[in-house]
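# Predicted coordinates and the sequence they were generated for:
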Amino acid sequence: MTPDQSDIDAMLPLQPGAFHILLALSAGDCHGYGIITDVEARTSGAIRLSPGTLYRTIQRLLEDELIEEPRKPSGHASDPRRRYYRITPFGVAVVRAETRRLADLVRLAKSALRAAPESA
């Protein structure tokens, strides 16, 4: 089923942590610690998710059906203590829409700054 645009728009804007978690999962299934390290590496340490923030955000993303827990991790050694997460097609649509929204904001900001006088 293709996500409805109004459903996608209702999810925006994403909180930064949710955006980065969805980006991390867009590369494939991952467990919590893997998400934390991916986000930290992807942002050169600018975003550091605490375990509490990560799992609260994951719970919200699960409730909103942006991510899911696969029955078996695909392509990973199975460790029964680890819970893996996967982005859903709806999650992909939402993270793409958020990426476009952020790109539009950057374009607007660059345009406004080009028109601004140089400061000393």
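Nice, thanks for sending it over. Residues are numbered from 1 along each chain as shown.
# Do you know the pLDDT at P73?
pLDDT for P73: 57.
# shaky segments in this structure?
Segments of the chain classed as low confidence (criterion: pLDDT under 70) are 1, 72-79, 120.
# Tell me which stretches of this protein form helices.
Ranges of helices within the chain are 5-10, 16-26, 32-42, 51-63, 89-115, based on DSSP state H.
# Please indicate which of those helices has the most neighbours on average?
Mean neighbour count (mean count of other C-beta atoms under 10 Å) peaks for helix 16-26 among these, with a mean of 21. From N, CA and C alone the C-beta is placed, and that goes for glycine too.
# Who are the packing partners of that one?
helix 32-42, helix 51-63, strand 67-68, strand 84-87, helix 89-115 (3 or more C-beta pairs under 8 Å, 6 or more residues apart in numbering; DSSP states H and E).
# coming back round to it: would you format the helices of the chain as a markdown table with distance to R81 included?
Shown next, in a markdown table, are the helices of the chain (distance: least, C-beta to C-beta, whole Å):
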| stretch | distance to R81 |
| --- | --- |
| helix 5-10 | 34 |
| helix 16-26 | 19 |
| helix 32-42 | 11 |
| helix 51-63 | 14 |
| helix 89-115 | 24 |
